[in-house]
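S.K.: Show me the folded form of this:
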Amino acid sequence: MLVQNNHTGDSMITIGKRRYAGIVSRFVLAFLVAASATAFAAGSYPDRPVRLVVPYPPGGGNDVIARMLAPELAKTVGTQIVIDNRPGAGGTIGSNFVARAEPDGYTLLIINTLPHTAAAGLYKELPYDPVKDFEAIGMIGTVPYMLAVNSSVPAKTVGQFIALARAKPGAITYESAGIGSATHLAGEFFKSATGVNLLHVPYKGGGPGLSDLLSGHVQATFENVAVLTPYVQHGTLRGLVITSSKRSPLFPDLPTMAESGYPGFEVAGHFGLVAPRGTPAPVIAQLSQALDKALADPKLVKLLATQGVEAQPDTSAAFAALIQAESAKWLKVIKDAQIKAQ
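M.R.: Here you go, the predicted structure:
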């Protein structure tokens, strides 16, 4: 019995040592994690170029904005910003690449919150979560959208357009760049908010639909202001209403949907930067501050304005909240309209 008791005592001592070792290991691990974060905050980041992934082909809106931003952001971040185009599947290939990238601050993604958040409702087996798998860095700016019609349409205001559509259910057509595109979702949101029945005519890309709108084969569109400006100014198209939350500086006389009796209605392209989930908070803070500094440059603000982008720097927390709100809005629109990407 004495031997057994001694053996038990030895076991207890051994177990105690193991527990102690486990506690020490956990403490050391926590210390290393904290030290790593401190190292980031102390200035070891960045020590190599940062890749900015554009999930669309060269020449598109995201790409142009990214290339305008990159030189100034490189100055404020303190390293080269390398643009990496990874197009395909409505932007989901590039987004998935970033979602799976090492969360070290060296791989970032430029997003437009509308298609970025809508992807979760459009694609049945999306391999990432547009909200949960990313850390918000901050907003770059907003591109207002507009409801415009061919000049032959007998409507001068959005109220007249709605009355016309109600008088002829399903007779008024609107074009989009394809099923599930931003222009399609904007139209479906408008239908839901106003209770009108418009006929959706999807095209393969924005060019063919715009061409048919200009020639009068279709009657309306919900498109970003930058695309429509020359045609509205020329008189081929007529702008009826701005769908973003505030009036566009390019068309200060056009009211918003909220001003026209539809509070809460907003369709706009909110562009910003995100990083993979798990990117250290000090790195996110550093990138957010660098983005704010870049957007404080008047030359960059003016350059973005040539693409219809209204520079709107914001905190990472505010941009994260916007992404959440956009996700809830567009997932509801997609579900209610039973839209699936093709």
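S.K.: Helix or strand with the lowest mean pLDDT in the protein?
M.R.: Of all the helices and strands that make up the chain, helix 2-39 has the lowest average by mean pLDDT, DSSP states H and E, namely a mean of 41.
S.K.: show me what contacts the residue nearest to Val232 when sequence neighbours are not counted?
M.R.: Distances taken as Cβ to Cβ, 6 or more residues apart in numbering put Gly239 closest to Val232, at 4.7 Å, once the chain neighbours are dropped. Using the backbone N, CA and C atoms, a C-beta is placed for each residue, glycine as well. Applying Cβ atoms under 8 Å, 6 or more residues apart in numbering, we find Gly239 in contact with Met146, Leu147, Ala148, Leu228, Val232, Phe251, Leu254.
S.K.: just Gly91 next, same as before
M.R.: By Cβ under 8 Å, 6+ apart, the neighbours of Gly91 are Pro55, Tyr56, Asn62, Pro115, His116, Ala119.
S.K.: The third one: what secondary structure?
M.R.: The reference is to Asn62. Judged by DSSP: H, G, I helix; E, B strand; the rest coil, the three-state class of Asn62 is helix.
S.K.: What count of nearby residues applies to it?
M.R.: 25 (other Cβ atoms under 10 Å).
S.K.: picking up where we left off before, which SS class is the residue nearest to Val232?
M.R.: Criterion first, three-state DSSP; result for Gly239: strand.
S.K.: That one bridge partners, please.
M.R.: Ala148 (DSSP bridges).
S.K.: Next, work out how far apart it and Leu273 are.
M.R.: For Gly239, the distance to Leu273 equals 30 Å [Cβ to Cβ, to the nearest Å].
S.K.: returning to what we had before: identify, from the contacts of Gly91, the entry nearest to Arg86.
M.R.: Pro55 (5.9 Å; Cβ to Cβ).
S.K.: Please give me every residue in contact with that closest one.
M.R.: Taking Cβ under 8 Å, 6+ apart as the test, what Pro55 contacts is Asn62, Arg86, Pro87, Gly91, Thr92, Ile93, Gly94, Ser95, Leu109, Ile110, Ile111.
S.K.: care to break this protein down by domain?
M.R.: 50-141+273-337, 144-242 (automatic domain parsing).
S.K.: so which of these gets nearest Tyr262?
M.R.: So among the domains of the chain, domain 144-242 is nearest, using Cβ to Cβ, at 5.4 Å.
S.K.: can you give me the end-to-end distance of that closest one?
M.R.: 7 Å (Cα to Cα, to the nearest Å).
S.K.: From the chain's centre, how far out is that domain? Work that out for me.
M.R.: Taking Cα atoms, centre = their mean, to the nearest Å, one finds the center of domain 144-242 at 23 Å from the center of the full chain.
S.K.: do the same with stretch 132-146
M.R.: Per Cα atoms, centre = their mean, the displacement of stretch 132-146 from the mean C-alpha position of its chain is 4 Å.
S.K.: that older thread, for Gly261, which of the domains of the chain is the nearest?
M.R.: domain 144-242 (7.7 Å).
S.K.: For that closest one, give the mean pLDDT please.
M.R.: On average, the pLDDT along domain 144-242 is 97.
S.K.: can you pull the contacts of the most centrally placed residue in the chain?
M.R.: Nearest to the mean C-alpha position of the chain, by Cα atoms, centre = their mean, lies Thr113 at 2.2 Å. Residues near Thr113 by Cβ under 8 Å, 6+ apart: Gly269, His270, Phe271, Gly272, Leu322, Ile323, Glu326.
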